[in-house]
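quick one, structure for this:
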Amino acid sequence: MKKTLVTAVASTVKHFRKINSMSQEELADIAGLDRTYISGVERGVRNITLDSLEQIINALGIDIVAFFTKLFEYLGDTKNEI
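Below you'll find the model as predicted:
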């Protein structure tokens, strides 16, 4: 079973982290999460909670709508793989 949503969230988090020139450690520190958790999210091996996702989005300093807009782009790129 493909984890399309998990993969898209992973790509979106990584995208915005890199745009902000942040390390995983910096993002984790600002979000109040462990660096290994951020790593797991970005690798798609963590089943992220909505609370943690909101913490990450806020730590990235972006609007929730901007995050989900990019997420939908990644989902659109994978629709042919489902």
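
please report how far Thr49 lies from Val6.
From Thr49 over to Val6 the distance is 12 Å, taken as Cβ to Cβ, to the nearest Å. In this view, the C-beta of every residue, glycine as well, is placed from N, C-alpha and C.

out of these two, which sits in the busier spot?
Val6 (16 against 9; other Cβ atoms under 10 Å).

give me phi/psi at the more buried one?
Here is the backbone geometry of Val6 (degrees, to the nearest 10): phi -60, psi -40.

mind listing what's buried in the lowest-mean-pLDDT helix or strand in the chain?
In the chain, no helix or strand scores lower on mean pLDDT, DSSP states H and E than helix 64-78, which sits at a mean of 91. For helix 64-78, burial by neighbour count (16 or more other Cβ atoms under 10 Å) applies to 67, 70-71, 74-75.

same for that helix, what does it pack against?
Secondary-structure packing of helix 64-78 (3 or more Cβ pairs under 8 Å, 6 or more residues apart in numbering; DSSP states H and E): helix 4-19, helix 50-60.

and the closest residue in space to Phe16 that isn't next to it in sequence, what pLDDT?
If you skip the residues right next to it in sequence, Phe16 has Leu60 as its closest partner in space, 4.7 Å away by Cβ to Cβ, 6 or more residues apart in numbering. According to the per-residue confidence, Leu60 scores 98 in pLDDT.

Leu60 and Ile38: what is the separation?
Leu60 sits at a distance of 11 Å from Ile38 (criterion: Cβ to Cβ).

SS state for Ile48?
For Ile48, the secondary-structure state derived from DSSP: H, G, I helix; E, B strand; the rest coil is coil.

state the phi and psi torsions of it.
Backbone torsions for Ile48, taken as degrees, to the nearest 10, come to phi -70, psi 140.

what sits against it?
The contact partners of Ile48, taken as Cβ atoms under 8 Å, 6 or more residues apart in numbering, are 6, 9, 41, 56.

and the residue most central in space within the chain, how far is that from Ser52?
Computing the C-alpha centroid of the chain and ranking residues by Cα atoms, centre = their mean puts Val13 first, at 2.5 Å. Shown here: Val13 relative to Ser52, a distance of 10 Å by Cβ to Cβ.
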